[in-house]
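>>> Sequence and predicted structure below; questions after.
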Amino acid sequence: MARKLKPRTPFAERLIAARDTMARKELAARLEAPLTTVAGWERGVSFPPPDMLVRISGLLGVSLDWLIAGRDGAGGPASSGGLDEALLLRVCEGVEALSAEEGHPLPAGEQARLIARLYGDLVRAFDSGEERRIGLIALLQQARREIGSAG
């Protein structure tokens with residue numbers, strides 16, 4: 001019998017909820033990911049890379065907004081209602097690079113919160129893709145200063 005998980009982050013809780021009755025082993029197999037990797041995501045000790053977030057969203061039928069930030073209701077079906085997947089991927093890649101450049105990786109929960117905050121700020125502040133791309137550069141510079149002053 002599998003041990004009960006103790007998720008450490010809201011993302012981990014949502015991933016477990018979205019998986020519902022699907023076994024973790026089945027989720028790992030369908031994602032073609034190691035079982036230990038999926039278990040790390042569900043415990044909240046690691047965070048999936050951007051491409052895997054998109055695959056999880058599609059496989060489990062939940063929106064990326066809900067999976068990452070808890071928006072769009074409790075695990076409702078994924079919709080094309082305004083989610084800019086290319087922007088989200090750029091935000092994830094930017095945060096991942098920022099974390100690596102600062103020499104200390106952000107914990108999974110902090111990384112998820114930063115991704116959600118930056119994505120939300122960009123969508124609210126800018127209408128066009130070009131504006132959002134430029135805005136992302138500025139927001140990542142600001143995040144770098146915040147991380148640097150905290151460290």
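In hand now; what should we look at? Here the structure is a predicted model, which is why all the values come from computation and not from measurement. Residues are numbered from 1 along each chain as shown.

>>> mind giving me the domain ranges of the protein?
Following automatic domain parsing, one gets these domains for the chain: 10-69, 85-150.

>>> Endpoints of the shortest one, how far apart?
Across its full length, domain 10-69 reaches 8 Å between end residues, using C-alpha to C-alpha, to the nearest Å.

>>> that older thread, okay, the domains of the chain, which one's buried deepest?
domain 10-69 (a mean of 17; mean count of other C-beta atoms under 10 Å). Using the backbone N, CA and C atoms, a C-beta is placed for each residue, glycine as well.

>>> In terms of helices and strands, where is the spatially most central residue of the chain?
The centre of the chain sits closest to residue 68, judged by C-alpha atoms, centre = their mean, with a distance of 4.3 Å. Using DSSP states H and E, residue 68 falls within helix 64-69.

>>> ok, now residue 8?
Applying DSSP H and E, one finds residue 8 in no helix or strand.

>>> For the closest residue to it other than its chain neighbours, give its distance to residue 109.
Using C-beta to C-beta, 6 or more residues apart in numbering and skipping residues adjacent in sequence, the residue nearest residue 8 is residue 44, 3.3 Å away. Relative to residue 109, residue 44 is positioned 6 Å away (C-beta to C-beta, to the nearest Å).

>>> Over to residue 30. Which of the three states is it?
What DSSP: H, G, I helix; E, B strand; the rest coil gives for residue 30 is helix.

>>> for residue 105, same thing?
If you use three-state DSSP, then residue 105 falls in the coil class.

>>> ok so, going back, export the domains of the chain to JSON lines and tack on mean pLDDT?
As requested, the domains of the chain are exported to JSON lines (pLDDT from 0 to 100):
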{"stretch": "domain 10-69", "mean pLDDT": "89"}
{"stretch": "domain 85-150", "mean pLDDT": "81"}
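
>>> re earlier: which secondary structure elements does the helix holding residue 68 contact?
Applying 3 or more C-beta pairs under 8 Å, 6 or more residues apart in numbering; DSSP states H and E, one finds that helix 64-69 makes contact with helix 10-19, helix 50-60, helix 85-101, helix 108-125.
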